[in-house]
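Colleague: Sharing a sequence plus its predicted fold:
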Amino acid sequence: MVIETPNAFEQHATANGTAEQDLQAQMVDVLNQMEQGILVWSPDGICTLHNERIFQVLELGPQDLRVGMGREAFLTHSVNQGVISAERKDEVQRLFQSGQPFHFDRNMASGKVISSFARPLKDGGYVVTFTDITQFRQDAADLAAAKQVAEAAEQRAKDMLAKEQSWRAEVRALADLDEWLQCCKSLDELFVVVEKFMSKALPLTQGELYIYSNSRDVLDGACCWGGAHLHEHIAPDSCWALRRGRGYRYDASGFTFECGHVADHPLVRTVDDALCIPIVAHGDTVGLLHVTYPPQTDKDTAKAGYELALQCGEHISLAIANVKLRDELHDQSTRDPLTRLYNRRYFLEAMRAEQSMASRKNTPFSLLSFDADKFKAFNDNHGHDAGDMVLRAISDKMQEVFHTGAICCRFGGEEFSVLLPGASSAVATDAAEALRAAIEDTTVQYSGGKLPGVTISIGVASFPDHGALPQDLLNAADRALYAAKAAGRNCVRLAGQETGSDPTP
């Protein structure tokens with residue numbers, strides 16, 4: 001019996017084959033331990049190796065993938081699963097032919113997201129790894145959502161900060177406005193402050209401020225800004241805000257109506273957004289603030305401007321009321337209620353101020369002192385009411401004859417005085433003669449008839465010729481007045497030319 005034994009070559013081949021199988025088995029064991037699914041394609045697209053993990057990752061059964069299976073069949077199965085589209089399958093096949101690495105995602109029916117990454121091998125094949133990135137994507141989405149929430153919160157915080165800063169800036173601006181308004185000594189000064197402030201507080205706008213006239217039948221234009229057209233007068237019923245008694249915003253795109261003081265004027269441009277704010281103080285409407293925005297102004301900007309304009313209106317209202325009240329109190333303390341001329345106290349203060357200035361500048365000024373001739377007898381014959389009519393007629397003529405600079409005063413009873421700053425004795429004498437002639441020609445109507453004509457006698461004194469102090473000038477003017485009386489009344493006498501004795505008034 002002959003027993004055949006393998007030769008050395010065969011033994012070596014068998015040993016090598018066993019070693020390769022053992023190495024491949026060890027490699028498969030290693031691949032099976034990995035969290036990723038792994039698939040190796042040969043250069044001609046045949047599966048040569050895969051691990052067990054790939055079935056779980058790609059949700060496949062044993063019949064869906066095996067060694068020796070073609071890539072076309074595998075990808076077709078993926079299309080049938082709804083994992084990839086037919087277009088994506090064709091694209092992937094082209095990418096395998098490119099010899100370049102590539103990547104794409106698979107969206108599994110279970111909702112998982114599998115990242116597929118293909119790397120070329122030296123022999124022309126490909127190794128593809130399949131990684132479950134569902135949690136990673138969810139974490140990334142959660143992070144993005146959290147980031148978005150954080151960004152939104154940050155933006156809200158920024159908006160709130162900007163709003164607060166804007167509010168604080170408005171408060172500071174209104175505080176500055178109050179300070180300037182309280183310092184104003186007249187309405188004219190107040191209007192200058194309002195004009196400049198509104199042009200800064202509401203830039204790019206045009207606006208006007210109107211104040212009720214004393215008769216309250218119209219509103220007079222007081223000031224404007226931004227190149228606005230200021231009406232000389234507007235009627236109260238031409239403004240919806242004044243009719244409604246509250247602030248009014250005109251919006252051309254909404255259910256609103258344009259005010260007549262805007263629509264009826266040919267010089268005013270077309271307005272899309274405008275504000276009308278009644279100026280109300282102590283329950284009394286004293287004026288109107290009108291603001292217009294340029295076309296296509298952002299509605300939020302106009303709305304914010306409306307709120308600021310309302311606040312400005314309140315501050316301006318109180319300031320106007322305070323100035324008017326101060327003017328009224330000053331007027332009551334410095335003017336005669338019957339004739340509306342300055343009173344004795346104001347006149348003496350004005351004389352002292354003029355004397356101090358004239359002394360420093362070495363300039364003259366003059367004083368007229370006069371009264372109505374035989375006024376006591378006129379009162380006795382015609383009554384005090386008629387006498388008051390005469391005194392008012394004299395004051396009216398005084399204000400007609402003397403213009404800017406002259407200070408006309410009812411010194412007391414039927415006695416009057418006029419301070420003429422900068423006037424020499426010759427100029428003052430001419431002015432006194434003009435006044436005397438004007439009053440002599442005056443006719444006073446009373447109770448449907450004419451009162452007897454009235455004349456005046458005037459004394460003139462000048463600084464420094466007739467005295468260095470106010471009281472000296474008053475005494476000199478009185479002596480000249482008495483001289484005019486002694487000369488037959490209805491005449492003018494200059495101080496230093498007195499003759500005769502004191503006549504009966």
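Modeller: Perfect, I can see it now. Residues are numbered from 1 along each chain as shown.
Colleague: dump the residue contacts of the closest residue to residue 199 other than its chain neighbours.
Modeller: Leaving aside its sequence neighbours, residue 199 sits nearest to residue 225 (CB to CB, 6 or more residues apart in numbering; 4.1 Å). In short, each C-beta sits where N, CA and C put it, glycine included. Contact analysis of residue 225 by CB atoms under 8 Å, 6 or more residues apart in numbering lists 195, 196, 198, 199, 205, 206, 207.
Colleague: Out of these, which comes closest to residue 59?
Modeller: Proximity of these to residue 59 (CB to CB) peaks at residue 205, which lies at 67.6 Å.
Colleague: shouldn't the closest one be in contact with residue 305?
Modeller: Yes: Residue 205 is within contact range of residue 305, at 6.8 Å (criterion: CB atoms under 8 Å).
Colleague: Now do the shared contacts for these two.
Modeller: The contact sets of residue 205 and residue 305 overlap at 291, 293 (CB under 8 Å, 6+ apart).
Colleague: care to break the protein down by domain?
Modeller: 34-132, 184-334, 344-494 (automatic domain parsing).
Colleague: In the sheet, which residues pair with the residue nearest to residue 199? Tell me.
Modeller: On the basis of DSSP bridges, residue 225 is bridged to residue 207.
Colleague: ok, back up a step: now list the buried members of the contacts of residue 225.
Modeller: 195, 198, 199, 205, 206, 207 (16 or more other CB atoms under 10 Å).
Colleague: Which stretches in the protein count as helices?
Modeller: 8-32, 53-57, 71-81, 86-98, 134-183, 187-201, 240-244, 260-263, 299-334, 344-361, 375-382, 384-401, 425-440, 470-486 (DSSP state H).
Colleague: which one of these is the most hemmed in?
Modeller: Most buried of the helices of the chain, by mean neighbour count (mean count of other CB atoms under 10 Å): helix 470-486, with a mean of 22.
Colleague: quick one: average confidence on it?
Modeller: Helix 470-486 carries an average pLDDT of 94.
Colleague: And for stretch 38-53?
Modeller: Average pLDDT, stretch 38-53: 93.
Colleague: Repeat that for stretch 117-133.
Modeller: For stretch 117-133, the mean pLDDT works out to 94.
Colleague: Can you tell me what sits against it?
Modeller: Contacts of stretch 117-133 (CB under 8 Å, 6+ apart): 35-43, 48, 54, 57-58, 95-96, 99-103, 105-106, 112-116.
Colleague: Narrow those to those that are buried.
Modeller: 36-42, 54, 57-58, 95-96, 102, 106, 112-116.
Colleague: Now go through those and say which are in strands.
Modeller: Residues of the buried ones among the contacts of stretch 117-133 located in strands (DSSP state E): 37, 38, 39, 40, 41, 102, 106, 113, 114, 115, 116.
Colleague: what would these look like in a markdown table with distance to residue 372?
Modeller: Output for these, formatted as a markdown table (distance: CB to CB, whole Å):
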| residue | distance to residue 372 |
| --- | --- |
| 37 | 124 |
| 38 | 127 |
| 39 | 127 |
| 40 | 131 |
| 41 | 130 |
| 102 | 117 |
| 106 | 117 |
| 113 | 111 |
| 114 | 117 |
| 115 | 114 |
| 116 | 118 |
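Colleague: out of these, which one sits closest to residue 300?
Modeller: residue 113 (42.7 Å).
Colleague: got the contact list for the closest one?
Modeller: Contacts of residue 113 by CB under 8 Å, 6+ apart are 105, 106, 107, 132, 133, 134, 137.
Colleague: May I have the beta-bridge partners of it?
Modeller: In beta-bridge terms (that is, DSSP bridges), residue 113 pairs with residue 107.
Colleague: about what we covered before: relative to residue 177, which of the domains of the chain is closest?
Modeller: Closest among the domains of the chain, using CB to CB: domain 184-334, at 5.1 Å.
Colleague: model confidence over the closest one, on average?
Modeller: pLDDT averaged over domain 184-334 gives 84.
Colleague: how far out from the middle of the chain is it?
Modeller: Distance of domain 184-334 from the chain centroid (CA atoms, centre = their mean, to the nearest Å) equals 13 Å.
Colleague: same question, stretch 455-463
Modeller: Worked out by CA atoms, centre = their mean, stretch 455-463 lies 57 Å from the chain centre.
Colleague: Low-confidence stretches in the stretch 351-500 of the chain?
Modeller: 498-500 (pLDDT under 70).
Colleague: How far does stretch 75-93 sit from its chain's centre?
Modeller: With CA atoms, centre = their mean, you get 64 Å for stretch 75-93.
Colleague: Please disregard the earlier target; I meant stretch 446-461.
Modeller: For stretch 446-461, the distance to the chain centre is 57 Å (CA atoms, centre = their mean).
Colleague: Going by neighbour count, which residues of it are buried?
Modeller: In stretch 446-461, counting by 16+ other CB under 10 Å, buried: 446, 451, 454, 455, 456, 457, 458, 459, 460, 461.
Colleague: Including distance to residue 467, could these go into CSV?
Modeller: Below are these laid out as CSV (distance: CB to CB, whole Å):
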residue, distance to residue 467
446, 39
451, 36
454, 29
455, 27
456, 22
457, 20
458, 17
459, 13
460, 12
461, 7
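Colleague: For beta bridges, what are the partners of residue 292?
Modeller: Beta-bridge partners, per DSSP bridges, of residue 292: residue 206, residue 274.
Colleague: How about the contacts made by it?
Modeller: Applying CB under 8 Å, 6+ apart, the residues near residue 292 are 205, 206, 207, 228, 262, 271, 273, 274, 275.
Colleague: Hmm, the third one is touching residue 229, no?
Modeller: No: counting by CB under 8 Å, residue 207 sits too far from residue 229 to count as a contact (10.8 Å).
Colleague: Could you single out the nearest of the contacts of residue 292 to residue 400?
Modeller: Once CB to CB is applied, the member of these that ends up nearest residue 400 is residue 228, at 35.8 Å.
Colleague: Now do the phi/psi pair for the residue positioned nearest the centre of the chain.
Modeller: Residue closest to the mean C-alpha point of the chain, counted by CA atoms, centre = their mean, is residue 202 at 3.0 Å. When quoted as degrees, to the nearest 10, the phi and psi of residue 202 stand at phi -120, psi 70.
Colleague: my guess is it meets residue 307, correct?
Modeller: No: counting by CB under 8 Å, residue 202 does not reach residue 307; the two are 11.1 Å apart.
Colleague: that older thread, adding distance to residue 294, write the buried ones among the contacts of residue 225 out as TSV.
Modeller: As requested, these are exported to TSV (distance: CB to CB, whole Å):
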residue	distance to residue 294
195	19
198	15
199	14
205	8
206	8
207	12
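Colleague: right, and out of the residues you listed, which lies closest to residue 368?
Modeller: residue 195 (39.6 Å).
Colleague: any idea what sits nearest that closest one, other than its immediate chain neighbours?
Modeller: residue 223 (4.4 Å).
Colleague: residue contacts, the one you found?
Modeller: With CB under 8 Å, 6+ apart, residue 223 has these contacts: 191, 192, 194, 195, 208, 209, 230.
Colleague: Could you single out the nearest of those residues to residue 290?
Modeller: For those, the nearest to residue 290 is residue 208 (5.0 Å; CB to CB).
Colleague: burial of the closest residue to that closest one other than its chain neighbours, as a residue count?
Modeller: Nearest non-adjacent residue to residue 208, counting by CB to CB, 6+ apart: residue 224, 4.3 Å away. Residues lying near residue 224 (other CB atoms under 10 Å) number 21.
Colleague: Assess the claim that residue 224 and residue 209 are in contact.
Modeller: Yes: between residue 224 and residue 209 there is a contact at 7.2 Å, judged by CB under 8 Å.
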